[in-house]
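**Q** A predicted structure for the sequence below; I have some questions about it.
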Protein chains: 2
Amino acid sequence: MTTEDRSAGGQSRAPTIKDVAALAGVGVKTVSRVINNEPNVRPEKQARILEAVERLNYRRNTSASSIRRLDQRTASIGLVVEDLANPFASLLARVVQDYALERQHLVLVGSSDGVADRERELVAEFCARRVDGLLIVPSGTDQSYLEAERRRSVPVVFVDRPGRRIKADTVLSENDRGVREAVHHLTRHGHSRIAYLGDRQSVYTAAQRIAGYRAAMEELVAGVDTRYVRTGLRDSTSAYQAALDVLAQAPAPTALICGNNSITAGAVHAMHKLGVRNRVAVIGFDDLELADLLQPALTVIVQDIATIGRRAADLLFEQLKDPTDGYRRIAVPVTLIPRGSGEIPTPDDKTGR
Amino acid sequence: MTTEDRSAGGQSRAPTIKDVAALAGVGVKTVSRVINNEPNVRPEKQARILEAVERLNYRRNTSASSIRRLDQRTASIGLVVEDLANPFASLLARVVQDYALERQHLVLVGSSDGVADRERELVAEFCARRVDGLLIVPSGTDQSYLEAERRRSVPVVFVDRPGRRIKADTVLSENDRGVREAVHHLTRHGHSRIAYLGDRQSVYTAAQRIAGYRAAMEELVAGVDTRYVRTGLRDSTSAYQAALDVLAQAPAPTALICGNNSITAGAVHAMHKLGVRNRVAVIGFDDLELADLLQPALTVIVQDIATIGRRAADLLFEQLKDPTDGYRRIAVPVTLIPRGSGEIPTPDDKTGR
DNA sequence: TACGTTGTCGATAACGTTGTCAATCGTCGG
DNA sequence: CCGACGATTGACAACGTTATCGACAACGTA
């Protein structure tokens, strides 16, 4: 009991393996064995050690452990997203965390804001802490700097878009397929004048999506009417303007596909303004909270973010287990969820609805 | 040039301070000095060292550094939220990250899902990695286990709700004030039959919010009519049912306050179903994407999450700089944003609008 | 009984870094 | 020219852990 007092009263420094060994009356290596679940420790001694661990509230110092281990593992991984505050990134992070925690790993997270320098800074900080692997939503036009990390056998997996000037495992959504399907969906409801509002083409996913639009329009309709296409939309405000503009064309488009979340918001806003919410069909890429409470409810193409995160983490831990040379690219399907706004028929649609 | 080849070709292990020292032709301690910006290094030597660092792409090993330093600092902090995938948590995390990164710190994040054991597990893992401090959105009824960490001088700050059975710095929203103001707002538009839908009372914020409702109703109206109050609503489905139920009372309430996000969603859904969206006023706690696109647009009470995060990080880093004994509690104001749904007048309001 | 085999255990070195400290260098006043 | 004093430098120990390795015990076999 007196020892309890001493340990409880000890004021500052965390107990070490040495303290545990002393209290249990064994050598430090034996304590290490117990902590790491190594075999060949007599049960009786093991029990004594575990009791000491409990009593001192001992926790292994991962830092010290990792510098000494042969594999240098820290049991933590780094995740770089564009902006953790957005729903895609936060759900991705959540999934990755759960996956990692199940394997006793922790996740360091950082937001690059799409700025290449910030991405590099984050990666550098992660590597200073010797993360075991990196999950990156890449920004900028050059990820070749990651080669250095990979040479130190830190595996890298890209998420949402491929890295540039470097080959690595990658997990993507089937962006083009999604928009293709949206076009298809709209044509089935009689539309042919289908407009498209998209982000800057330099954004990989935006390029993929509009490519899907173009391909589908070529295939299913007469082709792309450039009057109905607007790109370079960075936010909902510019999307609002672009939507007003596109809907003012003559003849006006009868349907609208929006390349992302904020564009959808801006476009819906514009349709309200023009009073055409119930006449013009809309399909948005990415789901929105409350999308089903709008009138009409919003038809959307949703990404399977949970699967993306899980597959990416999968690839990372697989590489952690046994490093290989080949690079895999995984495409995760997207889903069109009809809720009303995408099923509005053409005004001149004789089939009705 | 030959050295370049050797270093570039070197296959696996990260370069150490020793490698840098060898390449620059100096002692390791001098390299350490340069890395840590310590004074008393001749500029010429410093330049040579920095060049070697550059050439080898050297990065200090934070783990090794932290076990040796006197303060044991790892320049990383731990953040436990309930669910990183929800907007509150993800914005909080984002803000905290930025704040930390500006000070060269990284953030380990974990989601407790409101499960006390998971919270403890996360904290334990964080502490194994010797984080310098902890930011916690506490779950469960007992955070006294954190005393042990604090004795090792790991500062703790609670966010969104206070920890139980332990005193520590805390940053909260003025939940009660927010709901109070909502009631006030509704009464100004002629309402007196104001219903309230809330989460389980065991949730701290939910209790605070309904307390604000009760206080305001006592003060401004005749008092609380229990037929108009429903609590224990865990999700939008149960909120949907509760809203249908409350709106079926006779006389029916003319206004509705929803205690959180998902309750608002459920309630709005129910109002659609009953066709009373334009007749019954609604105010929701917490903002929603697209809230301004609903018809009528949703009046909400929003928390200033960015400020909460910044203040919490502030407190943490302040404690890190110089540990003190006093515990502070910071209350961050909330704001009512009128958008339409909260300004619907009472049917029998003679003032009109 | 002698011997080999397997299981158990701890002393010690080592990981990459920083703290300590003594040695050396340079400068300045006398 | 000498001595003093501060700036500069690096050898070495130490941090908390794991890897290596030799010592010893327990057991079975010849």
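**A** Good, I have the coordinates. Residues are numbered from 1 along each chain as shown, chains lettered A, B, ... in the order given.

**Q** all contacts plus neighbour counts: C-alpha atoms, from now on.
**A** Noted.

**Q** which one is the residue most central in space within chain A nearest to, not counting chain neighbours?
**A** Nearest to the geometric centre of chain A sits residue A:92, at 3.8 Å (C-alpha atoms, centre = their mean). Excluding the flanking residues, the one nearest residue A:92 by C-alpha to C-alpha, 6 or more residues apart in numbering or on different chains is residue A:309, at 5.3 Å.

**Q** confidence score at that neighbour?
**A** Predicted confidence (pLDDT) for residue A:309: 98.

**Q** What are the buried residues along the strand or helix carrying it?
**A** In the assignment (DSSP states H and E), residue A:309 maps to helix A:305-321. Residues of helix A:305-321 classed as buried: A:305-317, A:319-320 (neighbour count, 16 or more other C-alpha atoms under 10 Å in any protein chain shown).

**Q** Surely residue A:210 and residue A:200 touch.
**A** No - using C-alpha atoms under 8 Å, residue A:210 makes no contact with residue A:200, being 10.2 Å away.

**Q** Near DNA strand D, which residues of the stretch 1-150 of chain A are found?
**A** Residues of the stretch 1-150 of chain A lying near DNA strand D by C-alpha under 7 Å from any atom of the strand: A:13-18, A:28-29, A:32-33, A:35-36, A:59-62, A:64-70.

**Q** DNA strand C next: which of those residues are close?
**A** Counting by C-alpha under 7 Å from any atom of the strand, A:28, A:29, A:64, A:67, A:68 from these sit close to DNA strand C.

**Q** quick one: the helices in the stretch 251-353 of chain A?
**A** Assigned by DSSP state H, counting those that start in this stretch, the stretch 251-353 of chain A shows helices spanning A:261-274, A:305-321.

**Q** From the contact counts, what lies against the shortest one?
**A** Read that as helix A:261-274. Applying 3 or more C-alpha pairs under 8 Å, 6 or more residues apart in numbering or on different chains; DSSP states H and E, we find helix A:261-274 packed against helix A:236-247, strand A:281-285.

**Q** any idea which helix or strand comes after the helix or strand harbouring residue A:50?
**A** Using DSSP H and E, residue A:50 sits in helix A:43-56. Next along the chain after helix A:43-56, taking DSSP H and E as the criterion, comes helix A:62-68.

**Q** by contact count, what packs against the helix or strand just after that next one?
**A** The element immediately downstream of helix A:62-68 (helix or strand, assigned by DSSP H and E) is strand A:76-81. If contacts are counted by 3+ C-alpha pairs under 8 Å, 6+ apart, strand A:76-81 sits against strand A:106-111, helix A:116-128, strand A:133-136.

**Q** near DNA strand C at all, the following helix or strand past the shortest one?
**A** Following the chain from strand A:133-136 toward its C-terminal end, the next helix or strand by DSSP H and E is helix A:146-151. No - where contact is defined by C-alpha under 7 Å from any atom of the strand, no part of helix A:146-151 touches DNA strand C; the two come within 14.6 Å at best.

**Q** Next, the contact list for residue A:249, please.
**A** Taking C-alpha atoms under 8 Å, 6 or more residues apart in numbering or on different chains, we find residue A:249 in contact with A:227, A:228.

**Q** That one and chain B, how far apart?
**A** For residue A:249, the distance to chain B equals 24 Å [C-alpha to the nearest C-alpha, to the nearest Å].

**Q** and if you look at residue A:302?
**A** 16 Å.

**Q** Any idea what that residue is bridged to?
**A** For residue A:302, the beta-bridge partners under DSSP bridges are residue A:335.

**Q** That one reaches residue A:334, doesn't it?
**A** Yes - assessed by C-alpha under 8 Å, residue A:302 is found in contact with residue A:334 at 5.7 Å.

**Q** residues making contact with stretch A:46-59?
**A** Stretch A:46-59 is contacted from outside by A:4, A:7-8, A:14-17, A:20-21, A:23-24, A:31, A:34, B:124, B:127-128, using C-alpha under 8 Å, 6+ apart.

**Q** If any of the ones next to DNA strand C among the residues of the stretch 1-150 of chain A next to DNA strand D are buried, put those into a ChimeraX selection.
**A** Listed next is the ChimeraX selection for buried residues among these, using 16+ other C-alpha under 10 Å:
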select /A:28,64,67
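
**Q** what two of the ones next to DNA strand C among the residues of the stretch 1-150 of chain A next to DNA strand D are the furthest from one another?
**A** With distances taken as C-alpha to C-alpha, the most widely separated pair in these is A:28 and A:67, at 17.3 Å.

**Q** anything in stretch A:149-159 sitting right up against chain B?
**A** Yes - interface with chain B: stretch A:149-159 contributes A:151, A:152, A:153 (C-alpha under 8 Å from any C-alpha of the partner chain).

**Q** out of these, which is most surrounded?
**A** The most neighbours of any of those, using other C-alpha atoms under 10 Å in any protein chain shown, belong to residue A:153, which has 19 neighbours.

**Q** Could you tell me whether it really is in a strand?
**A** No - the assignment for residue A:153, made by DSSP: H, G, I helix; E, B strand; the rest coil, is coil rather than a strand.

**Q** Let me see the confidence value for it.
**A** The model's pLDDT for residue A:153 equals 90.

**Q** repeat for residue A:222
**A** The confidence metric pLDDT takes the value 88 at residue A:222.

**Q** Please work out how many residues are found near it.
**A** Around residue A:222 there are 10 other residues, counting by other C-alpha under 10 Å.

**Q** Quickly note the distance from it to residue A:194.
**A** Between residue A:222 and residue A:194 the distance is 11 Å, computed by C-alpha to C-alpha, to the nearest Å.

**Q** What does residue A:153 show for phi and psi?
**A** phi 60, psi 40 (degrees, to the nearest 10).

**Q** anything in stretch A:97-110 near chain B?
**A** Yes - interface with chain B: stretch A:97-110 contributes A:97, A:106, A:107, A:108, A:109, A:110 (C-alpha under 8 Å from any C-alpha).

**Q** Pull out the buried members of the contacts of stretch A:46-59.
**A** With burial judged by 16+ other C-alpha under 10 Å, the buried subset of these is A:14, A:15, A:17, A:20, A:21, A:23, A:24, A:31, A:34, B:127.

**Q** Tell me which other helices or strands whatever helix or strand the fourth one lives in touches.
**A** In this assignment (DSSP H and E), residue A:20 forms part of helix A:17-24. Judged by 3+ C-alpha pairs under 8 Å, 6+ apart, the packing partners of helix A:17-24 are helix A:28-35, helix A:43-56.

**Q** mind putting those in a markdown table, mean pLDDT included?
**A** Formatted as a markdown table, the helices and strands packed on helix A:17-24 follow (pLDDT from 0 to 100):
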| stretch | mean pLDDT |
| --- | --- |
| helix A:28-35 | 96 |
| helix A:43-56 | 95 |
